[in-house]
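*Asks:* pasted the sequence and its predicted model underneath.
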Amino acid sequence: MITNQQVRKLRLLDGQGIAKEVAALRVGMDAKTARKYRRRGKLPSEVVSMDRNWRTRRDLFAEVWPEIEAKLQVNAGLEAKTLFADLQRRFPGRFADGQLRTLQRQVKSWRAQSGPAKEVFFAQVHHPGRLAASDFTRCTDLGVTINGSPFEHMLYHFVLTYSNWEAVTVCFSESFESLSEGLQNALWELGAAPQMHRTDRLTAAVQPGIEGPESFKQRYQALLSHYGMQGQAIQAGKGNENGDAEQSHHQFKRAVDQALMMRGSRDFTSRDSYLEFLRELCGQQNAGRAVRLAEEVALLRPLPSHRLEACKRLRVRVETGSIIKVQTNVYSVASRLIGEWVDARLYAERVEVWYAQKMVEQLPRLRGRGKHRIDYRHVIDWLVRKPGAFADYRYREDLFPSSHFRMAYDVLRQRQPARSAKEYLRILHLAARESEAGVEAVLVALLKEDGRMDAAAVGERLRQQGQVPQATEVTVAAVDLSVYDALLDGKEAEDGEGQGREGEAGSVSEGAASASLPDQLRGAGAAGAAGRAELRAVPAGAGAA
């Protein structure tokens, strides 16, 4: 756009007799444009621009526009590309592909002038200490690995809307237990609670067929009441109403991605090291929010005296297969509990089994529905007695602790089809009774050697490996108490004045002993009346090694 300063400079250069083309180039103006302003004799600000009301080209869609407009009035969501494809189908050869852009401009103009009203978003004022927002976000796209294995996880993200102070908790599903644990972690790290807590509809946390929305609502309200907060939920499909949490997701995940780039690796040695990485990053993010956070802390509510237990309790009965069913998932327990009622406590990442007010099992919580986890140690005692049940056992795949056990079973099926199940179960029983790691090491060796593969061979090799050479025996000689007599027979030491007293033998300096004598005797008392060092109790027998 030409400015007044460019035109004034152009006039100055023209007055100096500089060639017109050169003068136009110097002021950054095209030669044709320069001629126009020379001819007008006015500055750009003095020229009143008039929008033309005529077309320079023929309207290619004039004849079909009434049809297009009628369709847009019925359904304003129709795209110009869809309408153009319909025209090409109904009028073959009349409209070229390059005319699509013309129709798009006309449709856009119609929507702005005659289309339906668009949704209006209203900016909100945030008040300190009033509102906190939270939500779950998936972090698979970050590419984090633990010892080379992908770490698929989620983050429960909590943020104060006024100061933007944030806290995160690693979780693996949108469940009430994850919500409860993440919310309480954030509140206790903050040291206070806001007046209100905003979330989405939390429909993903209500597992269909397991608990109804009313049951979930009661548990959630109990959690909020414990901390004196009120709950807010946004409208369905209106994620913008929880925009503080949504935008915080984007900003925090971008910060994590940048920090991982600076770190030079996305692999961590353990989950704890990754959690420490996230804690440090949260601390860095919150460091710049200290001033506004201080305003909020003064208005936040104090915390109660204790946290709520972030778990769901279910009373289930141990079935005859030594299993319990917890929210459509199957877990094994000790067979001695068959027929008994036990309490299953579901936490975000574990399931605790309690009987008679004692925890008898702690198991990793299964993610999803219809999953199963059978610990062979719970059933192997009876499965060894019933080897025929192994072939068609519903949860047979859980009875292979590792790939090497599965490979050993496959070898047994090839070599001893009739006894493969019995021999494998005896090997598994050996692993439960002795050591799973030890048995697996033996299986690895036998598979590599391609030698004899049965329970007897595994047991024999395991016993050979168990014969560890005995540790070197250390013999400590008994202390000869006559050594101390040499100290008692020594010459009396001189006193602090430098005046010596006669003793029964040669002198020995009080304090540091001579290099030829043992070090200062531990437990020695002050000199007696006879000038000898009086000993306290000296233990008889061998001293410590």
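*Replies:* Here it is on my side, so go on.
*Asks:* below-threshold pLDDT in this protein: ranges please.
*Replies:* 48-53, 204-212, 466-474, 489-545 (pLDDT under 70).
*Asks:* mind redoing it with 80?
*Replies:* 1, 47-56, 121, 201-215, 235-244, 451, 465-545 (pLDDT under 80).
*Asks:* so in it, which helix runs the longest?
*Replies:* Longest helix of the chain, by residue count under DSSP state H: helix 243-263.
*Asks:* work out the gap between the helix or strand that it is followed by and the centre of the chain.
*Replies:* The helix or strand immediately downstream of helix 243-263 is strand 267-268, counting by DSSP states H and E. Chain-centre distance of strand 267-268: 12 Å, with C-alpha atoms, centre = their mean, to the nearest Å.
*Asks:* strands paired with strand 267-268, and their directions?
*Replies:* strand 145-146 (parallel) (DSSP bridges).
*Asks:* partners of the helix or strand following the strand it pairs with in the sheet?
*Replies:* Note on strand 145-146: by DSSP H and E, the next helix or strand toward the C-terminus is strand 149-150. With DSSP bridges as the test, strand 149-150 is paired with strand 145-146 (antiparallel).
*Asks:* and the longest helix of the chain, what's buried?
*Replies:* For helix 243-263, burial by neighbour count (16 or more other C-beta atoms under 10 Å) applies to Asp244, Ala245, Glu246, Ser248, His249, Phe252, Lys253, Val256, Leu260. C-beta coordinates here come from the backbone N, C-alpha and C atoms, glycine included.
*Asks:* stretch 4-12 too?
*Replies:* Going by 16+ other C-beta under 10 Å, stretch 4-12 has these buried residues: Gln6, Val7, Lys9, Leu10.
*Asks:* all strands of the stretch 201-350 of the chain, in order?
*Replies:* In the stretch 201-350 of the chain, the segments counted as strands under DSSP state E, counting those that start in this stretch are 230-233, 267-268, 312-317, 323-326, 329-332, 341-346, 350-355.
*Asks:* of those strands, which approaches Asp450 most closely?
*Replies:* With C-beta to C-beta as the criterion, Asp450 lies closest to strand 329-332 of the strands of the stretch 201-350 of the chain, at 33.7 Å.
*Asks:* other SSEs contacting the closest one?
*Replies:* The helices and strands touching strand 329-332, judged by 3 or more C-beta pairs under 8 Å, 6 or more residues apart in numbering; DSSP states H and E, are strand 323-326, strand 372-373.
*Asks:* export those strands as a markdown table, with columns for mean neighbour count and distance to Leu60.
*Replies:* Output for those, formatted as a markdown table (neighbours: other C-beta atoms under 10 Å; distance: least, C-beta to C-beta, whole Å):
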| stretch | mean neighbour count | distance to Leu60 |
| --- | --- | --- |
| strand 323-326 | 20 | 67 |
| strand 372-373 | 16 | 66 |
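*Asks:* what's the neighbour count on Gly370?
*Replies:* When neighbours are counted by other C-beta atoms under 10 Å, Gly370 registers 8.
*Asks:* related to what we said a few turns ago, pipe the strands of the stretch 201-350 of the chain into CSV and attach distance to Asp480 per row.
*Replies:* CSV is the format used below for those (distance: least, C-beta to C-beta, whole Å):
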stretch, distance to Asp480
strand 230-233, 81
strand 267-268, 59
strand 312-317, 68
strand 323-326, 68
strand 329-332, 63
strand 341-346, 64
strand 350-355, 60
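*Asks:* which of the residues in stretch 298-308 are buried?
*Replies:* Leu300, Leu303, Leu308.
*Asks:* and which of these is nearest to Ile2?
*Replies:* Nearest to Ile2 among the buried residues of stretch 298-308, with distances taken as C-beta to C-beta, is Leu300, at 57.9 Å.
*Asks:* quick one: residues contacting the closest one.
*Replies:* Gly129, Leu190, Ala192, Ala193, Pro194 (C-beta atoms under 8 Å, 6 or more residues apart in numbering).
*Asks:* could you dump those to JSON lines with secondary structure and distance to Cys282?
*Replies:* Below are the contacts of Leu300 laid out as JSON lines (DSSP: H, G, I helix; E, B strand; the rest coil; distance: C-beta to C-beta, whole Å):
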{"residue": "Gly129", "secondary structure": "coil", "distance to Cys282": "20"}
{"residue": "Leu190", "secondary structure": "helix", "distance to Cys282": "12"}
{"residue": "Ala192", "secondary structure": "coil", "distance to Cys282": "17"}
{"residue": "Ala193", "secondary structure": "strand", "distance to Cys282": "19"}
{"residue": "Pro194", "secondary structure": "coil", "distance to Cys282": "18"}
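*Asks:* of those, which is the most crowded?
*Replies:* Pro194 (26 neighbours).
*Asks:* isn't that residue right next to Gly231, touching?
*Replies:* No: in this structure, Pro194 is not within contact of Gly231 by C-beta atoms under 8 Å, at 11.6 Å.
*Asks:* where exactly do the helices run in the stretch 101-250 of the chain?
*Replies:* Secondary structure of the stretch 101-250 of the chain (DSSP state H, counting those that start in this stretch): helices located at 176-190, 213-226, 243-263.
*Asks:* out of those helices, flag the one nearest Ser435.
*Replies:* helix 176-190 (33.9 Å).
*Asks:* find the centremost residue of this protein, please.
*Replies:* In the chain, the centroid-proximal residue (C-alpha atoms, centre = their mean) is Val170; its distance is 3.4 Å.
*Asks:* any idea how far Ala486 is from the residue nearest to it when sequence neighbours are not counted?
*Replies:* Distance criterion C-beta to C-beta, 6 or more residues apart in numbering; nearest residue to Val170, sequence neighbours excluded, is His153 at 5.4 Å. The gap separating His153 from Ala486 is 72 Å, by C-beta to C-beta, to the nearest Å.
*Asks:* between those two, which one's more packed in?
*Replies:* More crowded of His153 and Ala486, by other C-beta under 10 Å: His153, with 17 against 13.
*Asks:* pretty sure the more buried one is touching Val168, no?
*Replies:* No: taking contacts as C-beta under 8 Å, His153 lies outside contact range of Val168: 10.7 Å.
*Asks:* in the stretch 51-200 of the chain, which spans are strands?
*Replies:* 131-138, 145-146, 149-150, 154-160, 166-171, 196-199.
*Asks:* relative to Val476, which of these is closest?
*Replies:* strand 145-146 (47.7 Å).
*Asks:* chain center to that closest one: distance?
*Replies:* For strand 145-146, the distance to the chain centre is 11 Å (C-alpha atoms, centre = their mean).
*Asks:* hang on, Leu183 packs against His226?
*Replies:* No: under the criterion of C-beta under 8 Å, Leu183 is not in contact with His226, lying 10.5 Å apart.
*Asks:* no further questions, thank you.
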